[in-house]
Structure formats: C-alpha cells, structure tokens
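Asks: Let's see this in three dimensions:
(one chain, ligands or ions: 2)
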Amino acid sequence: MASKFDLVIVNGTVVTASDISSCCIGIKDEKIRALAQSFTDDEIAGAEVIDAEGAYVMPGGIDAHVHLCQDLKTGPHGLGGECADNFETGSRSAIAGGTTTVITFATQTRAEEDRSLIKVVEAYNARAEATGSYADYGFHIIIVRNDADVLENELPVLIQDWGISSCKLFMTYETQRLTDSQLLDVMFAARKNAITTMIHAENGDMIEWLTDKLEGKGMVAPFYHALSRPPLVEGEATNRAIALAQLIQNPILFVHVGSALGAANVRKAQTMGLPVYAETCPQYFNLTWEDLKRFHSPTCFENSKMICSPPPPPDNSDQEDLFTGLHNGTFTIYSSDHCPFRYDHPHGKPTGVLEDEASMHGESACTGHNIQDLLSRKEGAFRFIPNGIPGVETRLPLLYTGALAAGRITPQKFVELTSTNPAKLYGLYPRKGALMPGSDADLVIWHPEKKFQPFRLTNSQLHHNVDYTPYEGQEFINWPRYTILRGKVVWANGEIKGKPRDGKYQKRGPSQLSHGLPGHDRDPHTVAAWLYK
Ligand SMILES: NC(=O)NCCC(=O)O
Ligand SMILES: [Zn+2]
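Replies: Ligands and ions are numbered 1, 2, ... in the order given. Alright, predicted model coming up:
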C-alpha cells in the first residue's frame, strides 16, 4: 500500500504569519497535506521523518529582490559590472540560507534590440534554463523606456504567457532612470494591467550633482559614495513617487528603503490610506557608514566591497526607526537585494579603478593577473564602482539573530516579512508563503536554539560565487538546519542536498495585497479621478 506521506516533520514549533503551534506536518507529492498535533504510526509508515526537536519550522523564505545573471548598469553612461552569480550559484546560496523561491530581474535596456520586453524575458529565461536553479524562481521585468506600443501590446502577454505581474522602475542611473512623465506613462500602463510597480527611489540629479562636487574636492575614494547619497536623496524621491502614484491611483512598492526619512514618507502615505508598500534589506540594519570604512587602508579601495545603493544609513539612529518600521508594518517585505560582484574580477568592483583615468594614468593595461596589485595601490573613484552587495544566503539568518532572537520582532512577523507578504505582494500566495494543506511544501527548519553554537561568519562558509561577504566576522546565533523545496530536502545540516534542476519557474498572478482605502481614488484634490473612466 502506498504510504500516506512522503515526508513528515515532527516536534516542530510551526510558525505562520499569524500563529505558532507545536505540531507535525505531513507532505505528499510536493504539497503540504496535513497539519496535526500528532500522526499515528500507521500514518507515518513509509515516510521519511525529520525531528525538528522543538525548533522553528517556517514557510521557506521568498526573496523577492535578487539579481542573478544580469548585466548591471549602475554607473554613468551604461557603465556596469558583471553579475557574479548565475542561477545555479545564486540559487545554491539561497537554499543554504533557507530561501526556497527567488524573484530575479529580466532587464530591458535602451538598446534598440531590447525594446521588446518579451524578447528580453525570453533571452533572460534562456540564461536560467542554461544552468537550472536549486530554488524555485520567477522574474520581475525592469522597464527603462516608455514606448507606448510595447507597454500596450506586451504587458498583457507577459502576464498571460509568463506570469510576470511586477515591474521595476528607476529614478536614478543615467541609463535606466525615467523622467516623471515617463514614470507616469509606465505606471499608468502597469495600473491598467494590475502589474505591481516597484520603484528604486533615489533622486538621480541630486546624486550626480553631489558626485561632481565631491570629485571637485578630490573626495573620490569608495567611502564617499555614501556622501553622494545622503538620506535626503531617498527622502525626495519617495515623496515624489508617492505623489505620482497618487495622481494616477497606482499601487507602488519602494524597493530597498534604507533611511528613516524614506520609511517616514512611506508611513505617512500609508496613514493616508494610499496603497504604498515598502521593502527593506539586511544591509540597512547591519551596516552603517562606519562599516563602509571598515577596510581602511592608504588606498581605501577595498571599501568598494560595501558599496550599494542606497547606502547603509549614517549611524544606528536610523536603524532604530527601521526596526520600528519592521514591527509596525511600514515595511511589507524584507528582501536581500543580492547584487553580487567579485573583488578579484576585472568586471567586478575593480572597474572603480580600471575605468578611472586618474587611477590608470601611467599604468600598463591590466589583464586580470595583476589586478590585486593594482587595487592595493589605488583608491579608484566611487563613480565607476558597480553598486551592489551579496546577501541572499545571509538574509534570513541576519534577521533571526538581529531581530527575532533579539526580541525586536515576533516569529510571526518574521514569517510575514520574509515569506507570506512577498508571496501575497507578488501573486504567489497561497501556493507559496503559507503552511496550508495544498500549499507547496517549502519549509525552513532552524536549529533548536539551545543546541546551536553561535559562530562568526567567514565567506568560505557561504555558497555564492562572490569572494567576500559584507558580514565577515559577524556573529550568528542560528542558521537554517533544513531547507525543503516542494517536499525535497535540499539543504541539511550544512550540506547542499539539492540539484540545480530542482527549481521550477513560477508563473505569478496579480498582487493580493489591498489596493488602499475605498473611495480614495475619487478625491479630485489629489487624484485624476476621470483617468480610468
Ligand atoms: N542596490 C544596488 O546597489 N544594486 C542593485 C541595482 C540597484 O541599484 O537596484
Ligand atoms: Zn535598486
């Protein structure tokens, strides 16, 4: 007789976004089939059994902001870096950190051959299929142009054929940013197609102006990247984007909010009943400007390892407000913004030296083998350094140590931020992000706290293809013991058990989060109420 379950988890402290209970989970054919206080011997017969030993059992992490296999253009005039992780290495790192689903970015560019969003997605999908993925995965689409025909004809196809129900727009980066009227064009199309609009909110003009001024004073070393993006840069852009979204009644999600000011703007909009959501990331809780100077040396270039946009906040005072935002619902989701560049690669962080004329003056061409020598002698220029840091694997463990175990958030809030809300926001719920009969059996099981020896992280313990971690030396008091993807154990006791073809592409539906206060969209003082008639 066929066994009732393939896999059973016993003795778990099972946490969902709403509840905690001591119970067992029965899994069959990739799905959760039953939750019960106990199972009989007959019910368990033939199943693999995992004893959680009282530890937390949660829905697998959903990381909704992961850059893989993407040519990232974060510098002036299209200058960018080569993404260090492909689908294989990035997703391997994800499962080792308790994440079972990643949503990555297919990116339009301004090149004529990238005009079609569908072609962009097809090409990006080929990259995912080339290696396969250890984790389930989906795509957002980054839109950098406002071609009316493309938006009108192709967005419905992306939804229908690809299940892509979210787009990301930029307010900074020369080759990606949209003007206010272009933002309105794309948001308007997104709203008509019920596509969630994600916004990278930094005022590009402020950044360029400050960068020029810093360069004029010779302040070009990596640390000064943070000074070119003070919190007001995010503060202005979030306010402006909220006004634009309000005008056309379009729900928006701010990605990687890193400042107290940005969070306060989001909170204010939410209090007004606007459908404004926000994501925050580990770097804004675990790093400050002090860390951006961590590798201080005569050349300082090593600090490029910490450069991301927006930068971490100046000090801990912002972090207190960000913790409040996690707790009070200002932040809807907590993602990694994993954006990996290597330090030992000519198309990684070193472009900050190699593309900088002043640094390269009198140097012979650098082919790769002498790159470390060059980096040890030069400070480079932050303008040319690709923005981004790795973090898909450390996302959940950092939140566990810094917020859950520290008593700053409840276990339920942990699940809401890292799994359930990303699933709802991006149209994956309740297939993902839930522990219900019928949901995919995606789980993360932690170590029982009393049995886990806290440790200090070194990069060699991680599974990405990056040669450093910004969290080197940081103490962790727990780590995922098991990661289970649709009923298959893919990570157990420090070992990868999965395979790069385990992950499946996930078509997504529309966002399942509320669209704001009823009636708000008819107030003629603030919105163009006639637009959708
Ligand atoms: N966040 C970051 O520094 N890199 C990723 C690209 C982006 O800025 O969105
Ligand atoms: Zn961004």
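
Asks: got a list of what P222 touches?
Replies: P222 is in contact with 292, 300-304, 306-307, 352, 379-380, 382, 385, counting by Cβ atoms under 8 Å, 6 or more residues apart in numbering. The way it works is simple: take the backbone N, C-alpha and C, and place the C-beta from them, glycine included.

Asks: On the secondary structure side, give me the element for it.
Replies: Following DSSP states H and E, one finds P222 outside all helices and strands.

Asks: What's the separation between it and F170?
Replies: Counting by Cβ to Cβ, to the nearest Å, the gap from P222 to F170 is 22 Å.

Asks: Next: V121.
Replies: Noted for V121: a distance of 18 Å to F170, by Cβ to Cβ.

Asks: And for R508?
Replies: For R508, the distance to F170 equals 22 Å [Cβ to Cβ].

Asks: Run through the residues that contact the residue nearest to G503 when sequence neighbours are not counted.
Replies: The spatial neighbour of G503 that comes closest, neighbours along the chain excluded (Cβ to Cβ, 6 or more residues apart in numbering), is S133 at 3.3 Å. S133 sits next to 87-88, 91, 102, 500-503 when contact means Cβ under 8 Å, 6+ apart.

Asks: For N370, which residues are in contact?
Replies: Contacts of N370 by Cβ under 8 Å, 6+ apart: none found.

Asks: Can you tell me the centre-most residue of the chain?
Replies: Centroid-nearest residue in the chain: H65, 2.4 Å away (criterion: Cα atoms, centre = their mean).

Asks: Quick check: that one touching F254?
Replies: No: applying Cβ atoms under 8 Å, one finds H65 not in contact with F254, separated by 11.3 Å.

Asks: okay, and the common contacts of the two?
Replies: What both H65 and F254 touch, as defined by Cβ under 8 Å, 6+ apart, is the set E279.

Asks: Can you give me the pLDDT of the closest residue to L428 other than its chain neighbours?
Replies: Leaving out its chain neighbours, the residue that sits closest to L428 by Cβ to Cβ, 6+ apart is R508, at 5.6 Å. As predicted, R508 sits at a pLDDT of 98.

Asks: For R508, the count of nearby residues, please.
Replies: Neighbour count for R508, taken as other Cβ atoms under 10 Å: 24.

Asks: what sits against the spatially closest residue to E302 that is not a sequence neighbour?
Replies: The spatial neighbour of E302 that comes closest, neighbours along the chain excluded (Cβ to Cβ, 6+ apart), is F295 at 3.5 Å. F295 sits next to 302-303, 305-306 when contact means Cβ under 8 Å, 6+ apart.

Asks: and the residue nearest to G503, what element?
Replies: With elements taken from DSSP H and E, nothing contains S133; it lies in neither a helix nor a strand.

Asks: still on that earlier bit, and the residue nearest to L428, how close does it get to D85?
Replies: In terms of Cβ to Cβ, R508 sits 22 Å off from D85.

Asks: these two touch, right, S514 and P275?
Replies: Yes: using Cβ under 8 Å, S514 is in contact with P275, at 6.6 Å.

Asks: closest to ligand 1 among the contacts of F295?
Replies: M306 (10.5 Å; Cβ to the nearest ligand atom).

Asks: Could you check how far the closest residue in space to that closest one that isn't next to it in sequence is from ligand 1?
Replies: Closest residue in space to M306, ignoring its immediate chain neighbours: L292 at 4.8 Å, by Cβ to Cβ, 6+ apart. According to Cβ to the nearest ligand atom, to the nearest Å, L292 stands 13 Å off from ligand 1.

Asks: and what of V8?
Replies: 40 Å.

Asks: got it, and I199?
Replies: I199 sits at a distance of 10 Å from ligand 1 (criterion: Cβ to the nearest ligand atom).

Asks: from what I can see T238 touches V255, true?
Replies: No: T238 lies out of contact with V255 (Cβ under 8 Å); the separation is 11.0 Å.

Asks: Same drill for those two, tell me which one is more crowded.
Replies: More crowded of T238 and V255, by other Cβ under 10 Å: T238, with 29 against 23.

Asks: element containing the more buried one?
Replies: In the assignment (DSSP H and E), T238 maps to helix 231-247.
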